[in-house]
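Undergrad: Can you look at this prediction? I've put the sequence above it.
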Amino acid sequence: MSEPFDFDHFIALPRLSGLRLSPDGSRLVVAVATPGPDGKDIRTALWQVDPAGEAAPRRLTRSAVGESNAAFLPDGSLLFTSARPDPDAKKDDKPDEDPPAALWHLPSGGGEARLLLAPPGGVAGLKVARGSGAVALLAGLHPGAADFDADREREKARKDAGVKAHLYESYPIRYWDHYLGPREGRYFVADAPADDDAPLGTAEDLTGPTGAALPEPEFDIAPDGRSLATTWRRNLVGSTGDDIVVIDRGTRERRVLTGGAGWSGAPAFSPDGLRLAIVRGVDAAPDIPERLELVVFDLESGDSRVVARGLDRWPMSPVWTPDGNAIVFTADDGGGVSIYRVELGRDAGDAVTRLASGAAFSDVEVSPDGGTVFALRANPDRPPHVVRLDARASDQEPVELRSPATPAGELPRVGVLERVSAKADDSLEIGSWLLRPAEASANKPAPLVVFVHGGPLGTWAGWSWRWNANLLIERGYAVLMPDPALSIGYGQAMIDRGWGRWHERPYTDVMAAVDGVLERPDIDATRTALMGGSFGGYMANWVAGHTDRFKAIVTHASLWELRGFHGTTDDGVSWEQEIGDPYRNPERYEVQSPHAAVGDIKTPMLVIHGELDARVPISEALRLWTDLQRHGVEAKFLYFPDENHWVLKPQNSRVWYETVLAFLDRYVLDAEWKRPSLL
C-alpha cells in the first residue's frame, strides 16, 4: 500500500509550467517549481525533457532565486529570466538588496548561463521571433525616463531621498496584489546574439511611455521580428478592457485591431506573419453575457473572421501549425480543458477536431513537422505532467513522457475520483467532481465538504495548488466540486443563466449538486460543510445567510458588501459589465450582497484573508468579521499579513490547511478544537 497523501507529500510535488519546444523539435524545456532548502519559499528551475520519452529528464539551471520565462532562439540556445547575481560583476559593485529579474542566455550545448541584459526595473516578459530570432522584452521604466540609464538615475534619486510615494492621474491604481507604478511597462526589441559569446543587440524602445496600458499584457512578436502584437488596456472610468494593438518596429506606429469594445487577448502571429489569431470577447453588459470567440485577422487587408463558430466552448491560447493551415487551441470542456484543432484552408470549412479530453491540458506546443502536439496534462487527482499526442487524431489517449513529474515509485494514496451530476431547478444537468475516500461505504459514509470555485467565470478542472481536495481525503472527508451557472466548459447557455444574478442560479445550482450527492449511501448527509474562495467566498457568504444546512462554512478572500467592494477592488469598473453602474443602479448590488442577510447567519464561519489582496481587499474581511462578531456568530479569522489573493508561501499554506482542517474537525466531526501550534 502506498503512503498516505499529507501536506508534506503535497508541498514536495514538482510544479510544472511553461512547456517550450525547441525550433528543431529535439528538446522540450519545462519550468519546475519545488520548495527551497528551508521550506519557506518555492523556487523554479528549468528542466529538459526528451520529446521521444526515452532519455531521463535533465536539470538545466540551478540558483538560489530560480529561473523562468524560457524561450528558444532559432539556433537552439535558451533565453530565460532570473534575479541571480551577475558572475562577471566587479567585486566592489554592491548588488541590489532585492534585484529584479534580468535576461540570461544558455548555450544549446550546455555550460554556464551568461547575463545579456539587466534593466533596473527588471524583465517582466519575453518572446522570441521564430524566424529572425529578434527578442521582445517587457520592462518597466519611470515616467520621463528616456532609457535604462535614466531610469536607474531616477530610481537612485528616489531611494536617496527616501521617497516611496506614487502620484496617479488615471484609473485604476492597483492590480491584483500591488499598486501600479511608479514604473510603467514598455516594450523593447533587440536582435539576438550572433553566437554564444556575442552580446544582445541594442534594445530599441517600441512604445515610449504607456501609462497603465500594460499591467499584465499578453504579446507575441512576428516571425521576422518587424512587428509586435499586444493587449493594450483601456483605462477609462466607466470603460475597461483590452484591445489588440500591433506595433511596427521600424516606425513605432501603433495599429489598433479591436478598438473600443469588449476584451481581447492571446495574440499569436501565423508562421508567415501575415495573420494574427486572437481570442475576442463581446462588449458585455448586465443584459449581454460574456462570450468569447477565436478570430483571425488578415494584417494586410484588415479583414477578420471568426473561426470554429460551431464549437459551443470558449477558445483559449491559440497556437498555429507550422504550415499555417490550422490552429490548435484549448477550451474548458465539461470539467476539463480539452485540446482542439480548427482547419483554416479554403475547403476546410472551419472543421474542428477535439484531439484530447478527459483532463486539463495546457501549454500546447506543435512540432516543426506539424505532426505532434506536446502539452501539460492534469487531473483533480494528478498534478501537471508532460504528454505527447498526434496533431490530427480525434479523442486520443496521449502518451506520458518522462519528466520531473513522473513518479519514481507509486504515487501517494489519494481518494477515488468520480464524475457526478444532478438536475437543477430547470432540469439542466449540473456536473461535479467528487473525490471520496476509498473506504467510504453505506456502512462508513464519509462527511462531505463542498468546494465552490472562484471566477465567477470558472470551473473545477485539473489539479489545484491552491485548494487541493486530496488533502482532505486522509481525514476521511469526501469533497464535492460543483460547476454551477457561470461555469465555463458547458456552453454559452450555462453562462447566460447566471449572468449578473450571482444570488440566483449559481446558488440554487450548488444546492442541487449537494442534494444530488447526498442521496448516495456512502456520503453522510448529517455532516456537511461548504468552502469557497474569491467568488466561491462570495457564495459561501451567501449560503451562510440563506441556509443553515451546513455545520461549518469557510470563506476565503471573499466578497461581503458588494457596493463597497466596487470602490475598493483594483478594477471595480470591470464588474459593471455584469452587475451594472452602482451609481445609477445600486439596487443591482444591494439585492445580491451577502451582508444584507447577516442577521440570519447561524453557521460557524472561518474567515480567511490576506492583507496584500487588491482584487478582494482586506476591507471585505474586516467588515465581515465585525458583522459576524456584532451578531454573535461563532467564528474565527485567519489573517495573513504577507499574502495576497492566494496563499503562496509554503509555511503559510501549511498553516492554512492545518487551520481549515481543525475547523472542519471541530464543527463537522464534533472533535475538540485544536489550535494550530504556530498560531
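TA: Perfect, thanks for sending it.
Undergrad: thought Asp363 was touching Leu28?
TA: No - contact criterion CB atoms under 8 Å: Asp363 and Leu28 do not qualify, at 10.0 Å. C-betas here are computed from N, CA, C, even on glycine.
Undergrad: Need the overlap of contacts for those two.
TA: Common neighbours of Asp363 and Leu28 (criterion: CB atoms under 8 Å, 6 or more residues apart in numbering): Leu19.
Undergrad: Run through the residues that contact Leu276.
TA: The contact partners of Leu276, by CB under 8 Å, 6+ apart, come to 220, 229, 244, 246, 257, 267-270, 296-297, 299.
Undergrad: Let's see that with 7 Å instead.
TA: With contact set as CB atoms under 7 Å, 6 or more residues apart in numbering, Leu276 has these partners: 229, 267-269, 297, 299.
Undergrad: Also Lys127?
TA: By CB under 7 Å, 6+ apart, the contact set of Lys127 is 71, 136, 219-221.
Undergrad: How about Phe361: which residues does it bridge to?
TA: Taking DSSP bridges as the rule, Phe361 bridges to Arg377.
Undergrad: So what's the residue count around it?
TA: Other residues lying near Phe361 total 29 when counted by other CB atoms under 10 Å.
Undergrad: so what's it up against?
TA: When contacts are counted by CB under 7 Å, 6+ apart, Phe361 touches 330, 337-339, 375-377.
Undergrad: which one of the residues you listed sits closest to Tyr667?
TA: For the contacts of Phe361, the minimum distance to Tyr667 (CB to CB) is 34.4 Å, reached by Val337.
Undergrad: Tell me how far the closest residue in space to that closest one that isn't next to it in sequence lies from Glu400.
TA: Ranked by CB to CB, 6 or more residues apart in numbering and with sequence neighbours excluded, the top spatial neighbour of Val337 is Ala360, at 4.2 Å. To Glu400, Ala360 is 15 Å away according to CB to CB, to the nearest Å.
Undergrad: ok, these two, which is more surrounded?
TA: Ranked by neighbour count (other CB under 10 Å), Ala360 and Glu400 place Ala360 first, with 26 against 14.
Undergrad: Can you check the pLDDT for the more buried one?
TA: Looking at Ala360, its pLDDT is 98.
Undergrad: ok, which pair from the contacts of Lys127 is furthest apart?
TA: With CB to CB as the measure, no two of these lie farther apart than Ala71 and Phe219, at 12.3 Å.
Undergrad: More neighbours: the two, which one.
TA: Using other CB under 10 Å as the criterion, Ala71 and Phe219 rank with Phe219 on top: 22 against 17.
Undergrad: Distance-wise, check that one relative to Ala266.
TA: 10 Å.
Undergrad: Tell me where the stretch 201-350 of the chain has strands.
TA: Secondary structure of the stretch 201-350 of the chain by DSSP state E, counting those that start in this stretch: the strands cover 204-205, 219-221, 227-236, 239-248, 254-256, 264-269, 275-281, 292-298, 304-307, 315-320, 326-332, 337-343.
Undergrad: so which helix or strand takes in Leu661?
TA: Using DSSP states H and E, Leu661 maps to helix 650-668.
Undergrad: Spell out, range by range, the helices that occur in the stretch 351-500 of the chain.
TA: Using DSSP state H, counting those that start in this stretch, the helices of the stretch 351-500 of the chain run over residues 470-473, 492-496.
Undergrad: quick one: pLDDT of Val282?
TA: Val282 is given a pLDDT of 84.
Undergrad: residues near it, how many?
TA: Residues contacting Val282 under the criterion other CB under 10 Å number 15.
Undergrad: Report the contact partners of it.
TA: Contacts for Val282 (CB under 7 Å, 6+ apart) come out as 262, 288, 290-291.
Undergrad: Most widely separated two among the residues you listed?
TA: Gly262 and Ile288 (10.0 Å).
Undergrad: I appreciate the help and will end here.
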